[in-house]
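**Q** what's the 3D shape of this:
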Amino acid sequence: MAGRMMQKREGFTEEKLYVLPDYWMKELEQEALTSELYVTDIGYFPNAEYHFRERPEGAPAHIFIFCESGEGWVELRSGERMTVREGELVIIPPDTPHRYGAAAGNPWSIYWFHFKGNHAARLVSLFGLSAGPLALSPSGIARFTEWFQPAYELLAERTYSLTSHVHVAQTTRQLLSGIGLNTSKSAQEKKREHYLEQAIKYMNQHMEESIRLTDLARHVGLSQQHLIHLFNLETGVPPIGYFLRLKIQRAGQLLDLTELSIKEVSSAVGISDPYYFSRLFKKMSGFSPSRYRSIPKG
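**A** Numbering: from 1, shown residues only. Okay, here's the model as predicted:
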């Protein structure tokens, strides 16, 4: 009980704290340039000894917490406690009962912000930010710290400026996607990425040919079923479907950059029947090869 009494809910030396006024919340929900994603609260708690938050009903927004130093912990739905260490982030989804706080003896210093909008959940899911604590790469940490101070100053010092909120909304989208792309990957994710890169490299090296799934799987070192699962997971299409997309992408480049005839372009990407090539190109690009070539680019 004594330990519970020491949990501190408000106020840290040199802390930063901004909370979006309610009337601005309504404005941003209706503004086209912010309704998809916007920041409602943002702050920094250095050396946050006895820091503690508990929300039995959850919060209406996603909560982003980045641990700059020290350690803390997060519990979701009264489940297992997750330790959050230096250089790690965690995102708590909206409407999820939770509590979190600083570790005793080595309290965390945290940057945090709350964000809402129609695209918030999809961004978090798409870029793999919904898992447990994620270790940021050095570039990810640099990206975050470069974003935080200007975002905080714009919101705290220019609360009444819609352009400030729009700018922060756009940079927050870039921040989340950039962190997602640069977050340290698990060994399993790195292995999947390696297999995928090997397969795509093989496809590019055999662009003028027709490759078989058996040959591709043998080259990569996976079963056909595993390779199909990997491509569906990472690209949304099976291997041969992805190979056809690469062919059409290359064909588009040849149509734009060379004087090759459509028949010659078809042959250059390993499709012997120019009529089939033309149908496939139109299906994937929306234009016939000749129409595509006539469209001004750049």
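
**Q** now do the contacts for residue 111.
**A** 43, 44, 65, 66, 68, 144, 145, 148 (C-beta atoms under 8 Å, 6 or more residues apart in numbering). Where you see a C-beta, it was placed from the backbone N, CA and C, and this is true even at glycine.

**Q** so where's the stretch 51-200 of the chain shaky on pLDDT?
**A** For the stretch 51-200 of the chain, residues meeting the criterion pLDDT under 70 lie at 183-187.

**Q** where do the strands sit along it?
**A** 52-55, 62-69, 71-76, 82-85, 88-92, 98-102, 109-116, 134-135 (DSSP state E, counting those that start in this stretch).

**Q** tell me the contacts of residue 287?
**A** Residue 287 neighbours (C-beta under 8 Å, 6+ apart): 281, 295.

**Q** that one sits in which helix or strand?
**A** Of the helices and strands defined by DSSP states H and E, none includes residue 287.

**Q** re the thing from before, need the contacts of residue 111 in TSV with distance to residue 284 and neighbour count, can you?
**A** As requested, those are exported to TSV (distance: C-beta to C-beta, whole Å; neighbours: other C-beta atoms under 10 Å):
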residue	distance to residue 284	neighbour count
43	47	18
44	48	20
65	43	21
66	41	26
68	46	18
144	38	18
145	42	12
148	42	20
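
**Q** nearest to residue 279, of the residues you listed?
**A** Proximity of the contacts of residue 111 to residue 279 was ranked by C-beta to C-beta; the top entry is residue 144 with 47.4 Å.

**Q** centre-most residue in this protein?
**A** By C-alpha atoms, centre = their mean, the chain has its centre lying nearest to residue 127, at 2.8 Å.

**Q** which residues touch stretch 115-131?
**A** Contacts of stretch 115-131 (C-beta under 8 Å, 6+ apart): 34-40, 60-62, 64, 89, 91, 93-94, 134, 169, 172-173, 176-177, 179-181, 183.

**Q** one more time with 6 Å
**A** Residues outside stretch 115-131 that contact it (C-beta atoms under 6 Å, 6 or more residues apart in numbering) are 36, 37, 38, 39, 40, 61, 62, 91, 176, 177, 180.

**Q** repeat for stretch 230-243
**A** 192, 195, 196, 203, 216, 227, 228.

**Q** top of these by number of neighbours, please.
**A** residue 227 (23 neighbours; other C-beta atoms under 10 Å).

**Q** residue 212: what's it in contact with?
**A** So residue 212 contacts nothing (C-beta under 6 Å, 6+ apart).

**Q** now do residue 176
**A** Residues in contact with residue 176, defined by C-beta under 6 Å, 6+ apart, are residue 123.

**Q** try it again with 8 Å
**A** Counting by C-beta under 8 Å, 6+ apart, residue 176 touches 123, 124, 127, 129.

**Q** and residue 87, by the same measure?
**A** So residue 87 contacts 67, 135, 136, 141 (C-beta under 8 Å, 6+ apart).

**Q** and stretch 111-131, what's buried?
**A** Residues of stretch 111-131 classed as buried by neighbour count (16 or more other C-beta atoms under 10 Å): 111-117, 120, 123-124, 127, 129-130.

**Q** which one of the residues you listed is nearest to residue 55?
**A** For these, the nearest to residue 55 is residue 114 (11.4 Å; C-beta to C-beta).

**Q** what residues are up against that closest one?
**A** So residue 114 contacts 39, 40, 41, 42, 59, 61, 62, 63, 64 (C-beta under 8 Å, 6+ apart).

**Q** okay, now the closest residue to residue 77 other than its chain neighbours: neighbour count?
**A** Computed as C-beta to C-beta, 6 or more residues apart in numbering, the closest residue to residue 77 that is not its neighbour in sequence is residue 97, at 5.3 Å. Counted by other C-beta under 10 Å, the residues lying close to residue 97 total 16.

**Q** I figured residue 97 was touching residue 55, is that so?
**A** Yes. Counting by C-beta atoms under 8 Å, residue 55 is a contact partner of residue 97 at 6.8 Å.

**Q** re the thing from before, mind checking which of the contacts of residue 176 land in helices?
**A** Among these, DSSP state H puts 123, 124 in helices.
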